[in-house]
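Participant: Have a look at this fold, sequence not included:
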Ligand SMILES: Nc1ncnc2c1ncn2[C@@H]1O[C@H](COP(=O)(O)OP(=O)(O)OP(=O)(O)O)[C@@H](O)[C@H]1O
């Protein structure tokens, strides 16, 4: 089925199911971006428009009232500048995320979102500026992050060991995190044989292992189907309500659902 036909039908079904703006626009933008990037058939990726709209409508109704954030600042980023060669990718970027807050990092392709998150995670050095993390850190990279020849349980044990978790607790916590994303990770399937979306689920579960205080998530839902995408945002809300500071990278400018702060890395001269 053509993407635009399916998206038009979805827009109508969202209206019919009473999904108001800005949620409807955000859902359309997210699904369109997913279809564009993956090239998937919309019916295969998301199912019939009516069923997908019904799921969205239900999840919106289930959304609990927003907590008022105001915990201590867990992630402080001050005046980050990063250059690659002559190109300045990030210029004087600052961000503070408190316990119980979700920050979205948005911007066009190549605007430096992954670079920014890598700097927050301590994996990329800035040319100027400072990052302070108050507490432990979990990082979900955009890709990679898993070991081809290990099965999911082995990932849980390996990463869990690094975070001080006993074996059984690491395995059980990993499996519970996977179940929250509607995935049963038991079995002998090595990471290299998992689908792209399932590998991203594994990445996401690994980021949350050991209950870190700060979660850095780089477009973690790439390849997720409709249900998993909604599960992801439910998980973000659970982390938020548990007092974590969460940073979610997305290349969409209007991903604002359940988000307290938006950091737009689009260069000023390119903004509409
Ligand atoms: N290690 C590197 N060496 C040189 N240039 C790099 C390096 N890493 C990233 N870049 C460049 O820096 C810019 C920002 O890249 P980055 O991946 O952070 O952007 P992004 O906003 O996450 O992009 P996307 O939306 O496509 O994921 C790009 O032009 C990229 O080519």
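Facilitator: Ah, there it is. Remember, predicted model here, so these are calculated numbers, not experimental data.
Participant: How far off centre is the helix or strand bottoming out on mean pLDDT in the chain?
Facilitator: Lowest on mean pLDDT, DSSP states H and E among the helices and strands of the chain sits helix 49-62, with a mean of 80. Distance of helix 49-62 from the chain centroid (Cα atoms, centre = their mean, to the nearest Å) equals 20 Å.
Participant: can you pull the buried residues of that helix?
Facilitator: Neighbour-count burial for helix 49-62 flags 49, 52-57, 59-60 (criterion: 16 or more other Cβ atoms under 10 Å). C-betas here are computed from N, CA, C, even on glycine.
Participant: swap in stretch 192-204?
Facilitator: Within stretch 192-204, judged by 16+ other Cβ under 10 Å, the buried ones are 194, 197-204.
Participant: Stretch 28-47 too?
Facilitator: Within stretch 28-47, the residues scored as buried using 16+ other Cβ under 10 Å are 28-35, 42, 45-46.
Participant: Next up, phi/psi of residue 93, please.
Facilitator: Taking degrees, to the nearest 10, you get phi -90, psi 130 for the backbone angles of residue 93.
Participant: so what secondary structure elements neighbour the least confident helix or strand of the chain?
Facilitator: helix 3-16, helix 23-38, helix 226-241 (3 or more Cβ pairs under 8 Å, 6 or more residues apart in numbering; DSSP states H and E).
Participant: after that helix comes which helix or strand?
Facilitator: As assigned by DSSP states H and E, the chain's next helix or strand after helix 49-62 is strand 73-84.
Participant: near the ligand, anything from that following strand?
Facilitator: Yes: on the criterion Cβ under 6 Å from any ligand atom, strand 73-84 is in touch with the ligand at residue 84.
Participant: Which positions within that strand qualify as buried?
Facilitator: Buried, per 16+ other Cβ under 10 Å, within strand 73-84: 74-77, 80, 82.
Participant: domains for this structure, by residue range?
Facilitator: Taking automatic domain parsing as the reference, the chain has its domains at 3-62, 73-270.
Participant: mind checking how far the longest one is from the chain centre?
Facilitator: Computed by Cα atoms, centre = their mean, the separation of domain 73-270 from the middle of its chain amounts to 6 Å.
Participant: likewise the shortest one?
Facilitator: Between the centre of domain 3-62 and the centre of its chain there are 18 Å (Cα atoms, centre = their mean).
Participant: Please enumerate residues in contact with the host helix or strand of residue 114?
Facilitator: Using DSSP H and E, residue 114 sits in helix 113-120. If you take Cβ atoms under 8 Å, 6 or more residues apart in numbering as the criterion, helix 113-120 is touched by 75, 77, 80, 82, 89-90, 93, 105-107, 124-126, 131, 133, 139, 142, 216, 218, 247, 249-251, 263, 265.
Participant: Name the strands paired with the helix or strand following it and say parallel or antiparallel.
Facilitator: With elements assigned by DSSP H and E, the helix or strand that comes after helix 113-120 is strand 128-133. Sheet pairing of strand 128-133 (DSSP bridges) gives strand 73-84 (antiparallel).
Participant: now the partner strand and helix 113-120, what's the angle there?
Facilitator: Orientation of strand 73-84 against helix 113-120 (axes from the mean of the first three to the mean of the last three Cα atoms, to 10 degrees) gives an angle of 120 degrees.
Participant: contact partners of strand 73-84?
Facilitator: Residues contacting strand 73-84 (Cβ under 8 Å, 6+ apart): 88-99, 112, 115-116, 119-120, 124, 126-135, 213-214, 244-245, 247.
Participant: Can you flag the buried ones in those?
Facilitator: 89-91, 93, 95, 97-99, 112, 115-116, 119-120, 126, 129, 131, 133, 213-214, 244-245, 247.
Participant: Among the domains of the chain, show the one with the smallest mean pLDDT.
Facilitator: Across the domains of the chain, domain 3-62 has the smallest mean pLDDT, namely a mean of 85.
Participant: Check whether that domain comes into contact with the ligand.
Facilitator: No: Domain 3-62 stays clear of the ligand (Cβ under 6 Å from any ligand atom), getting no nearer than 9.7 Å.
Participant: show me where the stretch 101-250 of the chain has strands.
Facilitator: Along the stretch 101-250 of the chain, counting by DSSP state E, counting those that start in this stretch, strands occupy 101-106, 128-133, 137-140, 214-218, 245-249.
Participant: The shortest one - contacts with which helices or strands?
Facilitator: Helices and strands in packing contact with strand 137-140 are listed as helix 196-208, strand 214-218; criterion 3+ Cβ pairs under 8 Å, 6+ apart.
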